[in-house]
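S.K.: fold the following for me, if possible:
(one chain, ligands or ions: 1)
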Amino acid sequence: MRIFDAVRDMQLQSLSWRAAGWRIAFVPTMGNLHEGHLSLVREAARRGDRVVVSIFVNPLQFNDATDYRHYPRTFDQDRQQLAALGVAAVFAPDETAMYPQGREAVTRVEVPQLTSELEGAHRPGHFTGVATVVTKLFQAVLPDIALFGEKDYQQLLVVRKLGADLNMPVEVAGLPTCREADGLAMSSRNGGLKPAERRQAPELYATLQWVGQQWRAGETDLSALEAAAMARLADAGFAPEYVSVRDATTLRPPRAGAPAVVLGAARLGEVRLIDNLRIGASQPQGAGAVK
Ligand code: PAF
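M.R.: Numbering: from 1, shown residues only. Got it, this is the predicted structure:
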């Protein structure tokens with residue numbers, strides 16, 4: 001397994017693989033790998049001839065400097081796991097390699113429409129940071145396909161739009177969220193939960209499932225449903241930020257008969273958790289009556 005820390009070296013490797021006719025499958029990460037990442041890597045190996053994984057904790061997407069400083073960094077452990085999976089290359093630049101003139105000076109990529117609400121509203125600047133770094137990573141790795149987890153659902157839609165709007169010749173694939181046995185979505189942030197919080201944490205997913213049941217049963221008063229879900233999370237010890245039912249493609253308010261997704265974000269102690277669940281189209285009795 002090759003490890004590159006310079007953009008040009010990564011590009012040269014990818015160009016030579018492409019010239020040889022190999023299909024490059026790319027998994028962008030911020031490291032601290034868990035089963036969710038590893039399942040993306042295994043799928044990448046099925047969909048490409050050479051798998052590249054990036055490990056870069058991107059300062060541009062953190063709206064909270066303390067969160068950035070404390071983000072877990074476990075490079076040696078990550079590298080061993082990736083080598084065991086037969087990954088061809090790890091791209092692990094430092095901040096200077098990614099932002100040579102400083103992160104404030106870098107050209108930024110803005111994705112309108114999808115980014116002002118939900119995570120965008122609670123984490124100002126987050127999606128500009130994600131869109132900018134993903135663009136730079138794609139330019140360094142030159143992948144044919146890039147794989148993202150659906151756990152960061154809004155991020156996945158943002159990256160898809162970015163790729164389409166900027167004519168990037170890369171397929172953006174989304175893979176289902178990996179969950180612990182009790183339903184908690186796997187995340188690098190779960191390691192920050194204290195034991196009692198870890199026991200409470202699956203309630204976020206349970207609440208989204210409950211919203212899905214109500215929605216499929218024909219509940220049409222979305223404001224009441226979302227408020228009830230927030231109250232349920234608060235009762236379970238969370239500080240909820242949002243629970244919202246949206247159109248699964250546009251993230252606008254759901255349209256009668258079109259696939260919907262419920263997204264939620266809540267803090268448990270020091271840890272901020274997000275999750276989402278596809279809940280299908282509204283039932284006929286709700287058609288046209290979505291408030
Ligand atoms: O999902 C992540 O880990 C990050 O947002 C990503 C896509 C690697 C960009 O830094």
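S.K.: use CA for all of it now, contacts and neighbours both
M.R.: Noted.
S.K.: so how far is the helix or strand hosting Ser244 from its chain's centroid?
M.R.: Under the criterion DSSP states H and E, the helix or strand holding Ser244 is strand 239-247. Distance of strand 239-247 from its chain centroid, counting by C-alpha atoms, centre = their mean, to the nearest Å, is 16 Å.
S.K.: now stretch 47-55
M.R.: When distances are taken as C-alpha atoms, centre = their mean, stretch 47-55 is centred 17 Å away from the chain's centroid.
S.K.: by contact count, what packs against the helix or strand that comes right after the strand holding Ser244?
M.R.: Under the assignment DSSP H and E, the closest C-terminal helix or strand after strand 239-247 is strand 260-268. Helices and strands touching strand 260-268, by 3 or more C-alpha pairs under 8 Å, 6 or more residues apart in numbering; DSSP states H and E, are helix 203-216, strand 239-247, strand 271-280.
S.K.: ok, strand 260-268: who's next to it in the sheet?
M.R.: The strands beside strand 260-268 in its sheet (DSSP bridges) come out as strand 239-247 (antiparallel), strand 271-280 (antiparallel).
S.K.: so which of the helices and strands packed on strand 260-268 is nearest the ligand?
M.R.: Shortest separation from the ligand across the helices and strands packed on strand 260-268 is recorded for strand 271-280, at 12.0 Å, computed as C-alpha to the nearest ligand atom.
S.K.: that closest one and the ligand in contact?
M.R.: No - counting by C-alpha under 6 Å from any ligand atom, the ligand is not contacted by strand 271-280; separation bottoms out at 12.0 Å.
S.K.: for that strand, the distance to its chain's centre please.
M.R.: Between the mean C-alpha location of strand 271-280 and the chain-wide mean there is a distance of 11 Å, by C-alpha atoms, centre = their mean.
S.K.: what's the angle from it to helix 203-216?
M.R.: Regarding strand 271-280 and helix 203-216, their directions subtend 20 degrees when assessed with axes from the mean of the first three to the mean of the last three C-alpha atoms, to 10 degrees.
S.K.: so what touches strand 271-280?
M.R.: Outside strand 271-280, the residues that touch it by C-alpha atoms under 8 Å, 6 or more residues apart in numbering are 151-153, 185, 189-190, 192-193, 204-205, 208-209, 212, 215-216, 248, 258-267.
S.K.: and the residue in the stretch 101-250 of the chain positioned nearest to the ligand, which of the three is it?
M.R.: Using C-alpha to the nearest ligand atom, the point where the stretch 101-250 of the chain gets nearest to the ligand is Val130, with a distance of 5.1 Å. Following DSSP: H, G, I helix; E, B strand; the rest coil, Val130 is assigned to helix.
S.K.: list the contacts for it?
M.R.: When contacts are counted by C-alpha under 8 Å, 6+ apart, Val130 touches 58, 60-61, 155.
S.K.: check whether Arg267 really touches Pro240, as I assumed.
M.R.: Yes - using C-alpha atoms under 8 Å, Arg267 makes contact with Pro240 at a distance of 6.1 Å.
S.K.: what residues does the stretch 51-200 of the chain have near the ligand?
M.R.: Residues of the stretch 51-200 of the chain lying near the ligand (C-alpha under 6 Å from any ligand atom): 58, 130, 134.
S.K.: and the first one, what are its phi and psi?
M.R.: Taking degrees, to the nearest 10, you get phi -80, psi 110 for the backbone angles of Asn58.
S.K.: picking that back up, please list the outside residues in contact with the strand holding Ser244.
M.R.: 118, 122, 208, 222, 226-227, 229-230, 233-234, 252-255, 258-268.
S.K.: what subset of these is buried?
M.R.: Using 16 or more other C-alpha atoms under 10 Å as the burial test, the contacts of strand 239-247 include 118, 208, 222, 226, 229-230, 233-234, 254-255, 259-268 as buried.
S.K.: what residues sit buried inside stretch 193-205?
M.R.: Under the neighbour-count criterion of 16+ other C-alpha under 10 Å, stretch 193-205 has 193, 197, 200-205 buried.
S.K.: what score does the residue of the stretch 101-250 of the chain closest to the ligand have for pLDDT?
M.R.: The model reports Val130 with a pLDDT of 98.
S.K.: just Ala256 next, same as before
M.R.: We note a pLDDT of 87 for Ala256 in this prediction.
S.K.: now do the phi/psi pair for it.
M.R.: Dihedral pair for Ala256: phi -60, psi 130, per degrees, to the nearest 10.
S.K.: next: Arg50.
M.R.: Reported as degrees, to the nearest 10, the phi and psi values for Arg50 are phi -130, psi 130.
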